[in-house]
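Colleague: sequence below, structure please.
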Amino acid sequence: MIVIPLEPFKSIPSRLLGWITIPLILRVVVLVLLAWLWILLSATPVVAQEMKNYSHAQIEGQDFSNQNLEGYTFVAVEARETNFEGANLKSSMLTKGNLLQANLAGANLEDALVDRVTLYKANLTNANFTGATLTNSILDGTEITGADFTDALVDRYTVKQLCDRASGTNPVTGVDTRESLGCRD
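Modeller: Below you'll find the model as predicted:
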């Protein structure tokens, strides 16, 4: 039990004293809680400030070559013939997008989420997909010479298609493309 001395409040009329003690403390507590709640809800985390979001964007034909796009979001993006050559897309999210004939040669897609993406006739030469998730994506006609798929989650049907044309060794990781896909000779 907390005891509040009343001597400082003797000059306050008694009708106000009851109003000041309990309700005032409650009001202050409620105001402080509301202030903290407002700060927490309106504050933008540092990580979110650094992350760029291209969701639902029309970026077809743009040049993102050799840029650091680590952790960026490309959800439902229209990126036909977009150049991501040598770009760092590590831990990025590329879902439900259209990257038809996009250039991802030498791009780092390590730990990226590439789900339900159309990569039809895309250039994936020497791309690094280590630990990436490539599920339900269209990779027909892609150039994968030297691409590294080590520990990547890829649909069995897609792996079979990729093994039919897999060749080369990734110049950065030193891993053979066929070996990274688990292709049988």
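Colleague: every contact and neighbour count from this point should use C-alpha atoms.
Modeller: OK.
Colleague: low-confidence stretches in the chain?
Modeller: 1-28, 31-32, 34-51 (pLDDT under 70).
Colleague: apply 50 and report the result again.
Modeller: 46-49 (pLDDT under 50).
Colleague: so where do the helices sit in it?
Modeller: 14-42, 46-50, 156-163, 177-181 (DSSP state H).
Colleague: dump the third one to PDB, restricted to CA.
Modeller: The reference is to helix 156-163. Below are the C-alpha coordinates for helix 156-163, written out as PDB (Å, rounded to 0.1, in the frame of the first residue of the first chain):
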ATOM      1  CA  ARG A 156      11.100 -31.300 -58.300                       C
ATOM      2  CA  TYR A 157       9.600 -30.700 -61.800                       C
ATOM      3  CA  THR A 158      11.500 -27.400 -62.100                       C
ATOM      4  CA  VAL A 159      14.800 -29.200 -61.100                       C
ATOM      5  CA  LYS A 160      14.200 -31.800 -63.800                       C
ATOM      6  CA  GLN A 161      13.700 -29.000 -66.400                       C
ATOM      7  CA  LEU A 162      16.800 -27.100 -65.200                       C
ATOM      8  CA  CYS A 163      18.900 -30.300 -65.200                       C
END
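Colleague: tell me which other helices or strands that helix touches.
Modeller: Helices and strands touching helix 156-163, as assessed by 3 or more Cα pairs under 8 Å, 6 or more residues apart in numbering; DSSP states H and E, comprise helix 177-181.
Colleague: can you name every helix or strand that the helix it packs on contacts?
Modeller: Using 3+ Cα pairs under 8 Å, 6+ apart, helix 177-181 is in contact with helix 156-163.
Colleague: buried stuff in the helix it packs on?
Modeller: Neighbour counts using 16 or more other Cα atoms under 10 Å place T158, V159, K160, L162, C163 of helix 156-163 among the buried residues.
Colleague: now do the same contact list for the second one.
Modeller: With Cα atoms under 8 Å, 6 or more residues apart in numbering as the criterion, the residues that contact V159 are L181, C183.
Colleague: please repeat the previous calculation with a cut-off of 7 Å.
Modeller: L181 (Cα atoms under 7 Å, 6 or more residues apart in numbering).
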